[in-house]
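**Q** compute the structure for the input listed below.
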Amino acid sequence: MEAANTPSTSEDKSSKILINSKHSNNNNYFNYKYFPLIKLKLFQLARVHCCELFYFVPRLLIILFIFLFGNSKVVDAYSDHVPPPPRNVHVTQMNSSTVKVTWQPPDDDQAEVFGYNVYKFQIVNEAFVNNLRRAIAIVDRNKLYAHLNDLEPNTEYAIRVAAFNMKGDGELSQLTKQSRILTGGKPPSPPRPQSISLVSEIKPIKARVEWLPPSNTYNLPLKNYILWWKSTQSEAVHRAQVPHNELSFILNNLYNGQEYQLNIAAVNEVGASENATELLITPTGIPDGEPLNIRYTIFRNKLSILWDPPPWPNRNGNITHYEVDLIQLNSATANSIKRNVS
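**A** Residues are numbered from 1 along each chain as shown. Next comes the predicted model:
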């Protein structure tokens, strides 16, 4: 019979050590070769789960939101199409360069609307001469009107409106008679004075004034020009009308030594422009009128003489002084006394 515990020999020990060594080396080789790959796979798997989490959670929340509030009038922030066109666009003129645009929302309760873009087209001879131009953006789905400023007077426009959402602009509203408008006329801008010069410096004094046409006629033809001029010394106003194709005028019967204010306006079928203003000072001349209302008083052997100046048209400028000449009458020698009175 064999003993219960057979003592191990040195060969058995070495064999066990060899087997353990090989097993340990295999484990190290496995860890070295496969463990990084397993970690990478697990990392990629975690990334997939995170991406799916970020991808699906918002949609789950939206589904829950729609389920809870589906019957309320809440804007669907993830609509899958652009809005239909707004309805019943109507344009009303406020003045020659401003219009008011009103409309109704698209006829689709399921379509989301974040706001509206209002576009303007300029029309000449039934043709669009400008490309589509956005005039104003309304970032309020409940605001159904807009004011368009800085339009050209006496110009035809077509106004179209488009609703927009996250997908972009929807269809443009239909072009109808109510969405087209011809802005009102406007008087032209003022003429542009170029020069004013004397033609004659002796009475009757004449002066020529020249100008250029208005820089802007607002697409309306000119009818004529109107000139007004007056002396600063008088309330009398002189007026003349000049044909639209003439750009100069002669001012007649002016007085010496006067300052004249001249106004020029261009006129179209709507009305007159603002005035262009010029000033003219005529040369000074010798007075050709005598003093008026001469009177005198004598008191204690002293003589006082009073008078009024000549009428302003006869003064020919500002009077600097008067010359008083006293002549003794009924005397053998005609002695005279002269005084200069300023």
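**Q** pick out the residue nearest the middle of this structure.
**A** Note on the chain: the residue nearest the mean C-alpha position is residue 150, at 5.8 Å, using Cα atoms, centre = their mean.
**Q** tell me the contacts of that residue?
**A** By Cβ atoms under 8 Å, 6 or more residues apart in numbering, residue 150 lies in contact with residue 97. In this view, the C-beta of every residue, glycine as well, is placed from N, C-alpha and C.
**Q** does it sit in a helix, a strand or a coil?
**A** Three-state call for residue 150 (DSSP: H, G, I helix; E, B strand; the rest coil): coil.
**Q** what about the strands in the stretch 101-250 of the chain?
**A** 115-124, 127-128, 133-138, 145-148, 156-165, 168-169, 180-182, 192-200, 205-212, 224-231, 238-243, 248-254 (DSSP state E, counting those that start in this stretch).
**Q** other residues contacting the fourth one?
**A** Contact partners of strand 145-148, identified using Cβ under 8 Å, 6+ apart, comprise 94, 98-103, 116, 118, 120, 135-136, 138, 159.
**Q** could you redo the last one with a cut-off of 6 Å?
**A** By Cβ atoms under 6 Å, 6 or more residues apart in numbering, the surrounding residues in contact with strand 145-148 are 99-102, 118, 135-136, 138.
**Q** hey, what's residue 138 bridged with?
**A** Assessed by DSSP bridges, residue 138 has beta-bridge partners residue 116.
**Q** the one 10 residues further on now?
**A** Per DSSP bridges, residues listed as beta-bridge partners of residue 148: residue 99.
**Q** that one - how many residues pack around it?
**A** By other Cβ atoms under 10 Å, 20 other residues sit near residue 148.
**Q** could you check how far it is from residue 92?
**A** From residue 148 over to residue 92 the distance is 11 Å, taken as Cβ to Cβ, to the nearest Å.
**Q** what's the distance between the nearest residue to residue 252 once chain neighbours are set aside and residue 244?
**A** Setting aside the residues directly before and after it, residue 252 is nearest to residue 206 in space (Cβ to Cβ, 6 or more residues apart in numbering), at 5.6 Å. Using Cβ to Cβ, we find residue 206 at a distance of 23 Å from residue 244.
**Q** which one's more surrounded, those two?
**A** Comparing residue 206 with residue 244 by other Cβ under 10 Å, the one with more neighbours is residue 206, at 17 against 14.
**Q** which ones are touching that one?
**A** Neighbouring residues of residue 206 by Cβ under 6 Å, 6+ apart: 199-200, 250, 252.
**Q** list the beta-bridge partners for it.
**A** Beta-bridge partners recorded for residue 206 (DSSP bridges): residue 200.
**Q** let me know the pLDDT of the residue nearest to residue 252.
**A** Listed pLDDT for residue 206 reads 95.
**Q** low-confidence ranges in the stretch 101-250 of the chain?
**A** For the stretch 101-250 of the chain, the stretches flagged by pLDDT under 70 are 131-132.
**Q** and the residue nearest to residue 108 when sequence neighbours are not counted, what's its pLDDT?
**A** Distances taken as Cβ to Cβ, 6+ apart put residue 84 closest to residue 108, at 4.9 Å, once the chain neighbours are dropped. pLDDT, residue 84: 91.
**Q** and the residue nearest to the centre of the chain, backbone torsions?
**A** When read as degrees, to the nearest 10, the backbone of residue 150 gives phi 60, psi 30.
**Q** any idea how far it is from residue 95?
**A** From residue 150 to residue 95 the distance is 11 Å (Cβ to Cβ).
**Q** pull out the buried positions in stretch 311-324.
**A** Residues 313, 315-317 are the ones in stretch 311-324 that count as buried (16 or more other Cβ atoms under 10 Å).
**Q** ok, back up a step: for the contacts of strand 145-148, which one is nearest residue 276?
**A** Of all the contacts of strand 145-148, the one with the least separation from residue 276 (Cβ to Cβ) is residue 99, at 30.2 Å.
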